[in-house]
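J.: sequence isn't available, so here's the structure alone:
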């Protein structure tokens, strides 16, 4: 870890300078040698870095969403060019270019903040070794070595020896308890962030290998951070825990305000929009109007959640407009009620065996001689035929009627005495 951190020594000066500036601010409030002053300086460094990385985070969200939507097409390309890897790669790159998707964009925030992470590690390692680094002179170095966070020195690690911890003015038990709690919190925040993404902001109607990969990362990343965390100084644990909490809150905001189409988060979001329209009679907020605008622009390509939202508006006599607003519409109510009635009246499709069974039962009921109405009508029609037709034709007509009254299929032979 020290070798990797030394590669980013060029950025230790600006990182140390930012920490010192924040330390001056918090030192005037809490005291220059306290853990609050130095700990909040590291937290403020994280917040400053993450604010600067917001544009990259937006690109990450768009890239992740585009990758989710492209998974069915990517799978089709892999199956089509299974034996030609070169053609498969060319088609993949062509698909990325046409859709404007960059697979590496999902890693941009982590890659961008890695130099600051290793630079901070390098600064804290120098403080633990009692070496001046960047803009941190001897007086600031002594102040940082005296700073303790819940009894653990800023530069102490879980794996440090008792002698090294004693040199920093703390006990090994306090250091290990504090670092263990912070490692667990760091891993738990990482797991919850990934789980929130998988359970709420993924279109569950599309099953792709990408979802399986994300599910594996949900369990692998926390384990990696837990193993690596025992070699991190307390100050670095503060840095990483803060950035995980920031990521979790930032992702929660994005999921609530701009969910993935077809996901559980979109169903909850459109439900809130529908309640707001019911209460106020209009779409409030630019973000919600943009959402309605996108739904209108999709037309027949809407998913089931978006269709349910449009039907909910129609039941209130409202129709979504192209500008994201809603307007009263009598035809919307009629279409909604008519569509619902049509869905209710549509007969259920029967199997072939059910149709044949129904036909047999219907034929048996019509030909049942036990029905008094059918018997009477048969007698009357026979009597009229006898009167109107000649005697020669009566037998043939009667035989045809007898044949027409017979059931289909093989007949049981009569007894010899009745012939």
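T.: Perfect, I can see it now. What you see is a predicted model; the values in this text were computed from it and never measured.
J.: where along the stretch 201-350 of the chain do the strands fall?
T.: Taking DSSP state E, counting those that start in this stretch, the strands of the stretch 201-350 of the chain run over residues 318-320, 326-328.
J.: looking at these, which is buried most?
T.: With neighbours defined as mean count of other CB atoms under 10 Å, those peak in mean count at strand 318-320, which reaches a mean of 22. Every C-beta, even on glycine, is put in place using the N, C-alpha and C of the backbone.
J.: give me the distance from it to the chain's centre.
T.: 27 Å (CA atoms, centre = their mean, to the nearest Å).
J.: picking that back up, just so I know, which of the strands of the stretch 201-350 of the chain lies nearest residue 282?
T.: Residue 282 lies closest to strand 326-328 among the strands of the stretch 201-350 of the chain, at 6.5 Å (CB to CB).
J.: distance to residue 286 and mean pLDDT added to the strands of the stretch 201-350 of the chain, as a markdown table?
T.: Converted to a markdown table, the strands of the stretch 201-350 of the chain look like this (distance: least, CB to CB, whole Å; pLDDT from 0 to 100):
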| stretch | distance to residue 286 | mean pLDDT |
| --- | --- | --- |
| strand 318-320 | 15 | 90 |
| strand 326-328 | 15 | 89 |
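J.: which stretch among these comes nearest residue 217?
T.: That would be strand 318-320 among the strands of the stretch 201-350 of the chain, by CB to CB, at 37.3 Å.
J.: so what are the sheet partners of the closest one and their directions?
T.: The pairing partners recorded for strand 318-320 under DSSP bridges are strand 326-328 (antiparallel).
J.: residue 160 belongs to a strand?
T.: No. Assignment of residue 160 by DSSP: H, G, I helix; E, B strand; the rest coil gives coil, placing it outside any strand.
J.: any idea how far residue 145 is from it?
T.: 14 Å (CB to CB, to the nearest Å).
J.: tell me the mean pLDDT over the helix or strand harbouring residue 118?
T.: Here residue 118, judged by DSSP states H and E, is contained in helix 108-128. Average pLDDT, helix 108-128: 80.
J.: need the strands of the stretch 201-350 of the chain in CSV with distance to residue 36, can you?
T.: Listed next are these as CSV, based on distance: least, CB to CB, whole Å:
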stretch, distance to residue 36
strand 318-320, 52
strand 326-328, 51
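J.: where does the prediction get shaky in the stretch 201-350 of the chain?
T.: Within the stretch 201-350 of the chain, the segments meeting pLDDT under 70 span 203-214, 330-350.
J.: elements contacting the biggest helix by length in the chain?
T.: Looking across the chain with DSSP state H, the single longest helix is helix 172-200. When contacts are defined as 3 or more CB pairs under 8 Å, 6 or more residues apart in numbering; DSSP states H and E, helix 172-200 sits against strand 152-153, helix 162-167, helix 209-229, helix 234-257, helix 264-280.
J.: got the buried residues for the last one?
T.: Neighbour counts over helix 264-280 (16 or more other CB atoms under 10 Å) mark 264-267, 269-270, 273-274, 277 as buried.
J.: all good on my end, thank you.
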